[in-house]
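Visitor: I need the structure of the sequence given here:
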Amino acid sequence: MKKIILSICLFTAAIFSVNAQGISKNAIGLRFGDNSGLGAEISYQHLLKKSNRLELDLGLRDSDGVSSFKLAANYQWVWDLKELSEKMNWYAGFGGGLGSWKKDSVSNTAVFASGTVGIEYNFDIPLLLSLDIRPEFGFSDAYDGLNSDIALGIRYQF
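Guide: Below you'll find the predicted structure:
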């Protein structure tokens, strides 16, 4: 058991000691996933430090008599994958968000905690493609328990 714990600690330390390749200062685009029924999200990433960034995702819906929005914010650590390609990174982070929906005269608000793990590819042009999973844990009657969202992100870097 001690060997397993020591191995996990060494692996974690090695991961956190690796820095990411150049991350763009800003990126904006779309994150295509289920998003708890809202579909695609408008996504914005902002560099905070050399290998950390903030990602904000906004999902909107106004169809079939349902009006809703969901805003998620995640703080992310980014590491390079030089072994595979100079242009690939992987990232992980945590955060949370809030959402609201209304159908007819019934409405509800939700608060949730989230995490994110993903991989991204930086093209020679200012295009960033990513694939990630974002598990969310809701804290309201309408949005409770664990939900997960797998999404493809397409962002313009500037």
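
Visitor: how about the strands in this structure?
Guide: When assigned using DSSP state E, the strands of the chain occupy the ranges 26-33, 41-49, 52-63, 66-80, 88-103, 106-122, 127-139, 144-157.

Visitor: and the third one, what does it pack against?
Guide: Read that as strand 52-63. Under the contact definition 3 or more C-beta pairs under 8 Å, 6 or more residues apart in numbering; DSSP states H and E, strand 52-63 sits against strand 41-49, strand 66-80, strand 88-103. All C-beta spots, glycine's among them, are computed from the backbone N, C-alpha and C.

Visitor: can you redo the ones you listed as a markdown table with mean neighbour count?
Guide: Formatted as a markdown table, the entries for these read as follows, by neighbours: other C-beta atoms under 10 Å:
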| stretch | mean neighbour count |
| --- | --- |
| strand 41-49 | 17 |
| strand 66-80 | 19 |
| strand 88-103 | 18 |
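
Visitor: can I get those in JSON lines including distance to residue 122 and mean pLDDT?
Guide: Listed next are the helices and strands packed on strand 52-63 as JSON lines, based on distance: least, C-beta to C-beta, whole Å; pLDDT from 0 to 100:
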{"stretch": "strand 41-49", "distance to residue 122": "12", "mean pLDDT": "96"}
{"stretch": "strand 66-80", "distance to residue 122": "10", "mean pLDDT": "93"}
{"stretch": "strand 88-103", "distance to residue 122": "7", "mean pLDDT": "94"}
